[in-house]
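> Please work out how this folds:
(one chain, ligands or ions: 1)
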Amino acid sequence: MIPARARVWAAFSALGLTTACAPASGEAPARWTLTKGAQELVPDTGLQARIFKALDAAREAGTDPGISKFHVRAATVIQLEGGERTILGGNTEYRVPEAIHGETSLINHVINAVGPEATRREVGFIAFYGEACGGGGSCGDCRDYLLQTTRWQDLLIVCGKAGDRTVHVDRFAAGIVPEERFKEVTAQDTGVPGTRLDELVQAAREAREGGVRLFTAPEEHLGVAALTTSGKIYRAAGADDAAFHYRYPLGAVLQQAASYRDYFVQAVVVAGQPGRTPRLSYRDRQYGYEFSSFNRKRGLAPIRLILIEEGAGGARRYRATTFEDALPGAFSTADFMPEAVDRFLQTAPR
Ligand SMILES: [Zn+2]
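Presented below is the predicted three-dimensional model:
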């Protein structure tokens with residue numbers, strides 16, 4: 001549970017209180033208190049003490065959120081060679097908007113300090129210091145990064161609420177849904193009419209023949225096709241480059257549809273390497289979730305997310321879910337700025 005971005009950002013923007021969460025240096029910090037649920041997840045008093053120490057440190061973490069004005073202050077305390085190390089991270093934003101997120105910044109700093117192996121072994125929690133807690137989990141991209149760099153099965157996400165000094169704790173793993181947990185369904189139960197489903201599968205498969213794959217492993221390379229409410233089908237494949245600024249296939253297909261002002265998507269089909277269940281990154285799930293929130297705003301059904309797995313002899317298996325289920329605890333612009341999304345979608349064709 002990271003700081004409640006949605007409510008905080010909305011409330012601060014509305015009131016013009018964008019500097020309200022600057023660290024209050026010099027004040028003597030009061031005691032932290034774990035909520036009942038947090039106590040159950042963290043019975044060990046030594047770990048509790050490290051969490052409180054991290055929260056006090058996170059309060060002073062430097063950030064530069066020039067666009068959203070929303071500060072994400074993160075810290076962890078690790079045990080190393082009989083001592084403890086406190087390490088900080090914070091978000092920074094630039095241009096279009098792009099951002100380095102608090103948790104990514106933090107883990108990068110831990111790796112700088114102690115190396116990747118010790119990071120994976122020793123980081124047990126990420127603590128956020130914020131004005132509110134309960135706003136949902138990390139974004140998709142941070143989930144991808146933490147899956148790679150931490151012992152994520154045991155990782156705890158901590159939020160310390162500045163106002164009442166309560167400490168909320170969740171398991172990072174609660175936000176992870178492996179593709180094997182997407183329900184296996186018949187073609188009929190994908191929710192897409194048969195002929196359209198075949199077209200989508202064909203388009204996703206053909207898309208996978210393209211893209212740019214200079215560094216990407218074959219099992220990571222995906223083709224994606226999307227069917228919008230206007231009846232059009234768009235397609236895209238992943239593309240890598242020397243700067244490792246990967247262009248994600250699902251994000252690409254949604255961006256294409258948006259370029260035609262075709263904002264409402266019925267279904268997305270993902271094709272991977274034959275014989276394997278496609279692995280859909282959490283970053284791409286984030287893009288899908290954002291678009292599905294457009295559907296919710298307009299009273300449409302959530303986007304159907306369909307993975308296809310082609311077996312030997314042309315046998316095809318389907319797994320279907322929604323982005324809401326594939327990215328638990330997600331946030332979208334519809335949470336941050338509901339009125340802005342309403343205004344934006346008013347201009348979208350019906
Ligand atoms: Zn993030």
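> What distance do you get for the residue of the chain most remote from its centre to Glu219?
Note on the chain: the largest C-alpha distance from the chain mean falls to Gly313, namely 36.3 Å (CA atoms, centre = their mean). Distance, Gly313 to Glu219, using CB to CB, to the nearest Å: 20 Å. Yep, even glycine has a C-beta here, placed from its N, CA and C like the rest.
> Pull the distance from stretch 232-245 to the chain's centre.
The chain centre lies 19 Å from the centre of stretch 232-245; the measure is CA atoms, centre = their mean, to the nearest Å.
> From start to finish, how long is stretch 151-165 in a straight line?
Start and end residues of stretch 151-165 are separated by 27 Å (CA to CA, to the nearest Å).
> So which bits of it are buried?
Neighbour-count burial for stretch 151-165, counted by 16 or more other CB atoms under 10 Å, picks out Trp152, Leu155, Leu156, Ile157, Val158, Cys159, Gly160, Lys161, Ala162.
> The ion: which of the residues you listed is nearest?
Nearest to the ion out of the buried residues of stretch 151-165 is Ile157 (CB to the ion; 11.8 Å).
> how would you label the closest one: helix, strand or coil?
Under DSSP: H, G, I helix; E, B strand; the rest coil, Ile157 falls in the strand class.
> Can you tell me the SS state at the residue in the stretch 151-300 of the chain positioned nearest to the ion?
When scored by CB to the ion, the stretch 151-300 of the chain has Gln286 as its residue closest to the ion, at 8.6 Å. Under three-state DSSP, Gln286 falls in the helix class.
> quick one: which of the buried residues of stretch 151-165 is nearest Tyr318?
For these, the closest approach to Tyr318 (CB to CB) belongs to Trp152, at 27.7 Å.
> Phi first, then psi, for the closest one.
phi -70, psi -30 (degrees, to the nearest 10).
> From what I see, it and Leu146 are in contact.
Yes - with contact defined as CB atoms under 8 Å, Trp152 counts as touching Leu146 (5.6 Å).
> For the stretch 251-350 of the chain, what lies in contact range of the ion?
Counting by CB under 5 Å from the ion, none of the residues of the stretch 251-350 of the chain come close to the ion.
> now the helices for the stretch 251-350 of the chain?
Secondary structure of the stretch 251-350 of the chain by DSSP state H, counting those that start in this stretch: the helices cover 282-297, 323-326, 333-336, 338-346.
> rank these by mean pLDDT and give me the bottom one.
Here these differ in mean pLDDT, and the lowest is helix 333-336 at a mean of 88.
> So which elements touch that one?
Here helix 333-336 touches helix 5-15, helix 282-297, helix 338-346, going by 3 or more CB pairs under 8 Å, 6 or more residues apart in numbering; DSSP states H and E.
> Now do the buried residues in it.
Residues Ala334, Asp335, Phe336 are the ones in helix 333-336 that count as buried (16+ other CB under 10 Å).
> Same question for stretch 61-75.
Per 16+ other CB under 10 Å, stretch 61-75 contains these buried residues: Ala61, Thr63, Pro65, Ser68, Lys69, Phe70, His71, Val72, Arg73, Ala74, Ala75.
> With respect to Ala258, which of those residues is nearest?
When the buried residues of stretch 61-75 are compared against Ala258 (criterion: CB to CB), the nearest one is Ser68, at 21.2 Å.
> Give me the phi and psi angles of that closest one.
Torsion angles, degrees, to the nearest 10, at Ser68: phi -80, psi -20.
> and what of Leu155?
According to degrees, to the nearest 10, Leu155 has phi -70, psi 130.
> How about the contacts made by it?
Val123, Gly124, Phe125, Ile126, Leu146, Arg171, Phe172, Ala173 (CB atoms under 8 Å, 6 or more residues apart in numbering).
> Narrow the residues you listed to those that are buried.
Among those, those scoring as buried are Val123, Gly124, Phe125, Ile126, Leu146, Phe172 (criterion: 16+ other CB under 10 Å).
> Look at the third one and report its pLDDT.
On pLDDT, Phe125 comes in at 98.
> so what's it up against?
Neighbour list for Phe125: Leu47, Arg50, Ile51, Ala54, Thr76, Leu155, Leu156, Ile157, Val158, Val169 [criterion: CB under 8 Å, 6+ apart].
> residues contacting the first one?
Spelled out, that is Leu47. Counted by CB under 8 Å, 6+ apart, Leu47 has contacts Gly124, Phe125.
> Look up how far the ion lies from it.
Leu47 sits 24 Å away from the ion when distances are taken as CB to the ion, to the nearest Å.
> same question, the second one
Applying CB to the ion, one obtains 23 Å for the distance of Arg50 from the ion.
> what do you get for the third one?
Noted for Ile51: a distance of 21 Å to the ion, by CB to the ion.
> could you say which helix or strand contains that residue?
According to DSSP states H and E, Ile51 maps onto helix 45-58.
> Near the closest residue to Thr322 other than its chain neighbours, how many residues? Count them for me, please.
Of all residues not flanking Thr322 in the chain, Pro302 sits nearest, at 4.3 Å (CB to CB, 6 or more residues apart in numbering). Pro302 has 19 neighbouring residues, counting by other CB atoms under 10 Å.
> Touching, Pro302 and Phe323? I think so.
Yes - because the distance of 6.9 Å satisfies CB under 8 Å, Pro302 is recorded as touching Phe323.
> Overlap of the contact sets of those two?
Joint contacts of Pro302 and Phe323 (CB under 8 Å, 6+ apart) are Ser292.
> Pull the number of nearby residues for Gly135.
Other residues close to Gly135 by other CB under 10 Å number 21.
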